[in-house]
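Chemist: below are the sequence and a predicted model; questions follow.
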Amino acid sequence: MTSDRPICFQIVIAGAGPAGGHLARLLAGQGRSVLLVDAIPGWHHNAFSSAGLPLEALDRWGLPQGLTKARWRGLEIVSTAERGRWEGARDRGAVLDFGELRAFLGEDAKTRGAELRLGTRLTGWEALPEGGCRVKLTSKDGNEEVHARVLVDATGPARAAFGLRPGTDYLYGVGLEHLVEVDESTYQRFGDRLVFYLGKGWVPGGYGWIFPMGQGRLKVGAGVFTVGRRRQSPDLGPSIDRLLRREVRAECRSLDIHGGLLRYARGLGDQYASGPVIAIGDAVSTLNVLGGEGIRFAMEGAEIALPFIEDELAQPGSAFRGYERAMKERFLRNWNQCEALAIRKYLEEDDSRFDRMVRLLKQQDMDLLMDVLFDYRFGRAIRAAGPRYLLDKLWRKLRGLMRGPLGGGSRSRWPL
């Protein structure tokens with residue numbers, strides 16, 4: 001597809017996930033001309049996300065009940081030698097259909113006036129002397145160029161506009177998830193809870209999960225991490241098989257298998273903007289690497305970006321001043337803590353520490369666990385642990401310092 005006179009939009013958004021789709025509907029709702037594109041051919045293509053959210057998120061972003069596949073009120077954390085189980089008296093969260101979430105956001109943006117194109121990939125851009133940029137797109141119909149006053153990169157780990165930033169360290173992750181159909185008695189064991197699996201006995205170098213999806217369906221998944229690049233992806237099949245064999249323990253029918261990749265810039269060291277181009281969502285590492293949670297934060301990040309995009313439209317050349325600072329004011333402190341914990345928990349520590357953590361958490365109530373798992377208030381857990389835990393932690397740190405910065409060993413680069 002070619003054109004002598006490129007079509008012009010105020011905003012082109014590449015990536016129709018939670019960040020891009022939400023931003024498109026906000027901008028279109030304000031009367032802006034928006035083009036939303038995504039490389040996926042359909043909304044349910046490789047819908048890799050467990051999409052377990054606290055209930056508050058549904059209300060905050062006006063997500064319809066039809067996106068909810070199951071509600072959960074309990075949590076379970078299983079390590080090699082311990083199993084902690086917390087029962088809630090009321091619903092605490094929901095599990096969404098990620099494909100339906102993408103469809104809702106994208107179609108809502110279209111209803112508000114945005115133009116939507118699936119099966120269309122951002123392949124490049126060029127700043128124009130008069131302002132804005134020339135955006136290069138590719139689809140099955142060929143190549144096309146459009147003009148935009150602002151280009152938004154919401155392509156997640158692909159980072160299609162800027163690529164990987166030279167000199168930035170990345171934490172890489174790979175995930176695999178099976179959607180399986182089970183009998184009613186098996187489903188009832190998992191139907192009201194989220195279950196997480198920690199330790200090398202379950203998933204070496206990462207964690208596993210089983211989430212309910214309603215109608216006798218479960219999501220069974222595993223994700224692993226590494227610091228730096230890896231040429232060959234890990235085989236997560238054995239970890240999934242282990243969860244199915246030891247936890248599901250029943251005949252099941254596989255309905256779908258999907259996977260995903262994450263690239264998290266340590267210290268939130270991504271490129272946030274350049275000229276008329278701005279990045280949002282996982283393209284600037286809004287995904288929380290400790291728990292792999294990204295939907296809430298991608299949508300929140302889109303809202304942070306919104307006024308900066310409006311400023312750029314009103315005063316071209318502002319280069320999105322203050323945007324990176326605003327994002328880091330919201331995320332950097334908590335995300336640095338989660339990053340350090342993720343590296344230590346998944347790549348360095350042995351299973352006995354997971355066992356100790358679960359034993360500690362078993363003494364706490366559901367409210368504290370929600371604060372830790374979904375609001376990352378680690379101080380609450382430490383205070384609840386009491387002075388004995390703090391003294392033990394100090395003693396372990398002193399022993400580690402006496403043995404060297406990594407306790408006499410080398411840092412694991414890829415545990416599998």
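Modeler: Done, it's in.

Chemist: not counting its neighbours along the chain, what's nearest the residue nearest the centre of the chain?
Modeler: Using Cα atoms, centre = their mean, the residue of the chain that lies closest to the mean C-alpha position is Gly294, 2.8 Å off. Distance criterion Cβ to Cβ, 6 or more residues apart in numbering; nearest residue to Gly294, sequence neighbours excluded, is Leu287 at 3.6 Å. Heads up, the C-betas are built off the backbone N, CA and C, glycines and all.

Chemist: right, and that neighbour touches Arg263 too?
Modeler: No - Leu287 is beyond contact range of Arg263, at 9.4 Å (criterion: Cβ atoms under 8 Å).

Chemist: looking at these two, which has the bigger crowd around it?
Modeler: A side-by-side neighbour count of Leu287 and Arg263, using other Cβ atoms under 10 Å, places Leu287 first with 23 against 20.

Chemist: hang on, the earlier thing: just the pLDDT at the residue nearest to Gly294, thanks.
Modeler: At Leu287, the pLDDT value in this model is 94.

Chemist: residues touching it, list them.
Modeler: Counting by Cβ atoms under 8 Å, 6 or more residues apart in numbering, Leu287 makes contact with Leu262, Tyr264, Glu293, Gly294, Phe297, Ala298.

Chemist: what values do phi and psi take at it?
Modeler: The phi/psi pair for Leu287 (degrees, to the nearest 10) reads phi -60, psi 130.

Chemist: could you check how far it is from Thr68?
Modeler: Separation of Leu287 from Thr68 (Cβ to Cβ, to the nearest Å) stands at 22 Å.

Chemist: same thing with Ser352?
Modeler: 38 Å.

Chemist: more neighbours, the two?
Modeler: Thr68 (20 against 12).

Chemist: the closest residue to the more buried one other than its chain neighbours: which element?
Modeler: Take Thr68 and drop its neighbours on the chain: the residue closest to it by Cβ to Cβ, 6+ apart is Ala94, 4.4 Å away. For Ala94, the host element (DSSP states H and E) is strand 93-96.

Chemist: and if you look at Phe196?
Modeler: Phe196 belongs to strand 193-198, assigned by DSSP H and E.

Chemist: which element follows that strand toward the C-terminus?
Modeler: For strand 193-198, the following helix or strand on the C-terminal side (DSSP H and E) is strand 206-212.

Chemist: how many residues are close by Gly269?
Modeler: By the measure other Cβ under 10 Å, the count of residues near Gly269 is 15.

Chemist: roughly how far apart are Asp355 and Ile343?
Modeler: The spacing between Asp355 and Ile343, counted by Cβ to Cβ, is 19 Å.

Chemist: of these two, which one has the most company?
Modeler: The neighbour comparison of Asp355 against Ile343 (other Cβ under 10 Å) goes to Ile343, with 20 against 16.

Chemist: who touches Val138 in this structure?
Modeler: Actually, residue 138 is Thr rather than Val. Thr138 is in contact with Thr120, Arg121, Thr123, Glu144, counting by Cβ under 8 Å, 6+ apart.

Chemist: now, among these, which is nearest to Gly131?
Modeler: Glu144 (20.7 Å; Cβ to Cβ).

Chemist: quick one: the closest one and Arg134 touch, right?
Modeler: No - look at Glu144 against Arg134 with Cβ under 8 Å: they stay out of range, at 10.8 Å.

Chemist: poorly predicted segments of the stretch 301-416 of the chain, please.
Modeler: 385-416 (pLDDT under 70).

Chemist: mind jotting down where the helices sit in it?
Modeler: Taking DSSP state H, counting those that start in this stretch to define them, one finds helices in the stretch 301-416 of the chain at 323-342, 351-362, 366-375, 378-385, 387-403.

Chemist: and the pLDDT at the closest residue to Arg217 other than its chain neighbours?
Modeler: Nearest residue to Arg217 in three dimensions, chain neighbours excluded: Glu181, at 5.5 Å (Cβ to Cβ, 6+ apart). For Glu181, the model assigns a pLDDT of 98.

Chemist: same check on Asp59?
Modeler: Looking at Asp59, the pLDDT reads 88.

Chemist: against which helices or strands is whatever helix or strand it lives in packed?
Modeler: Per DSSP H and E, Asp59 falls inside helix 55-60. Counting contacts by 3 or more Cβ pairs under 8 Å, 6 or more residues apart in numbering; DSSP states H and E, helix 55-60 packs against strand 93-96.

Chemist: what packs against the strand it packs on?
Modeler: Short answer (3+ Cβ pairs under 8 Å, 6+ apart): strand 93-96 packs on strand 52-54, helix 55-60, strand 68-72.

Chemist: can you add distance to Asp367 and give the ones you listed back as CSV?
Modeler: Below are the helices and strands packed on strand 93-96 laid out as CSV (distance: least, Cβ to Cβ, whole Å):
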stretch, distance to Asp367
strand 52-54, 12
helix 55-60, 14
strand 68-72, 15
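
Chemist: the ones you listed: which one's closest to Glu115?
Modeler: helix 55-60 (26.9 Å).

Chemist: residues of the closest one that come out buried?
Modeler: Leu55, Ala57, Leu58 (16 or more other Cβ atoms under 10 Å).
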